[in-house]
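In: sequence isn't available, so here's the structure alone:
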Ligand code: PMV
């Protein structure tokens with residue numbers, strides 16, 4: 001039975017809901033798909049706290065599917081089109097979605113193009129609203145199945161969004177962990193020493209990226225190193241799991257940085273090469289390595305599909321590390337966003 005089977009034969013009614021959902025940063029990267037939104041390797045991420053999307057959706061019965069979307073109060077037809085295409089992709093499983101009109105009001109706590117994945121927070125916030133709507137029709141509770149469904153529906157909209165449905169650390173993709181799945185994410189508990197990690201985001205450039213993640217995933221299909229990358233990611237996933245479980249910050253940090261550099265190496269060596277890191281990204285990475293050599297403090301970086309660095313470190317070292325960031329690294333940045341591990345989505 002698919003996760004949407006119970007909703008196949010219902011009839012729509014009017015309903016309104018609102019969810020706040022955070023972004024997440026991958027420690028082991030999802031890069032490359034097999035089939036429709038199925039990851040080529042398992043990934044693992046930390047859900048953020050301060051960077052989130054708040055989305056309110058009004059569902060109304062209608063003769064045909066229509067979507068109106070307002071971002072920070074401004075009408076955004078491009079995003080409305082994306083949500084409509086996503087709902088259309090679900091119509092085979094839930095045909096009556098065709099008889100809905102949606103008005104969506106959404107806002108982010110972080111600016112667009114700052115290296116924080118707005119698709120992860122945005123699509124998970126929307127999927128949570130949709131799941132809430134579906135459950136309101138069947139009268140089901142918001143239990144484990146609710147979040148599993150929300151994660152499944154988030155994945156179909158944007159892969160990494162499925163991990164934002166849970167707080168703390170989350171894995172997605174088939175692995176040796178019990179209950180792991182390619183279809184939805186699963187929460188993952190870590191050693192207390194690594195439970196309170198900080199994430200200072202160095203915004204090196206806010207310019208919109210030249211190659212979308214969708215296109216980047218696609219380029220893995222013909223990539224000369226694809227199989228080697230998927231094997232490396234699976235190995236890194238297992239090592240990251242053991243580092244986080246045992247509280248081995250050095251192992252965690254080494255894999256974290258290697259995963260970020262491998263992701264960008266894939267971009268640079270893909271059939272149509274491209275590069276998203278900028279000179280200041282490299283300068284900051286060199287300075288972080290030098291800082292670590294000199295102080296022995298556990299400050300590590302990772303990158304999303306963009307030039308901006310996420311600096312990850314345990315909260316207990318924040319005083320010295322934040323002094324270094326603000327004195328030495330901030331001249332390389334446009335701005336710094338202070339974030340940390342968060343508790344996951346809430347209904348607003
Ligand atoms: O979820 P997508 O399709 O935007 O891809 C996200 C890919 C990375 O952010 C680079 C890695 C990840 O696992 O989040």
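Out: Right, received. Where do you want to start? None of the values given here were measured: they were computed from a predicted structure.
In: for the helix or strand residue 85 falls within, which helices and strands make contact with it?
Out: Using DSSP states H and E, residue 85 sits in helix 77-89. Contact here means 3 or more Cβ pairs under 8 Å, 6 or more residues apart in numbering; DSSP states H and E; on that basis helix 77-89 packs against strand 66-71, strand 100-108, helix 144-157. Bear in mind the C-beta positions are built from the backbone N, C-alpha and C, glycine included.
In: dump those to CSV, plus mean pLDDT.
Out: Shown next, in CSV, are the helices and strands packed on helix 77-89 (pLDDT from 0 to 100):
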stretch, mean pLDDT
strand 66-71, 97
strand 100-108, 97
helix 144-157, 97
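In: does the helix holding residue 85 come close to the ligand?
Out: No. Against the ligand, helix 77-89 shows no contacts by Cβ under 6 Å from any ligand atom, the least distance being 12.3 Å.
In: okay, the angle between that helix and strand 100-108?
Out: 130 degrees (axes from the mean of the first three to the mean of the last three Cα atoms, to 10 degrees).
In: highest mean neighbour count out of the helices and strands packed on helix 77-89?
Out: Greatest average neighbour count among the helices and strands packed on helix 77-89 goes to helix 144-157 (a mean of 23), per mean count of other Cβ atoms under 10 Å.
In: what's the following helix or strand past it packed up against?
Out: For helix 144-157, the succeeding helix or strand toward the C-terminus, using DSSP H and E, is strand 169-172. Using 3+ Cβ pairs under 8 Å, 6+ apart, the elements in contact with strand 169-172 are strand 43-61, strand 185-188, helix 226-246.
In: redo those as a markdown table? Include distance to residue 91 and mean neighbour count.
Out: Formatted as a markdown table, the helices and strands packed on strand 169-172 follow (distance: least, Cβ to Cβ, whole Å; neighbours: other Cβ atoms under 10 Å):
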| stretch | distance to residue 91 | mean neighbour count |
| --- | --- | --- |
| strand 43-61 | 15 | 23 |
| strand 185-188 | 24 | 23 |
| helix 226-246 | 32 | 18 |
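In: this structure against the ligand: which residues are in contact?
Out: 26, 29-31, 43, 117, 119, 158-160, 213, 217, 263, 304-305.
In: taking these one by one, which sit in helices?
Out: 119, 213, 217, 263 (DSSP state H).
In: farthest-apart pair in those, please.
Out: 119 and 263 (16.1 Å; Cβ to Cβ).
In: next, format the helices and strands packed on helix 77-89 as a markdown table and append distance to residue 255.
Out: Formatted as a markdown table, the helices and strands packed on helix 77-89 follow (distance: least, Cβ to Cβ, whole Å):
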| stretch | distance to residue 255 |
| --- | --- |
| strand 66-71 | 36 |
| strand 100-108 | 29 |
| helix 144-157 | 24 |
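In: thank you, goodbye.
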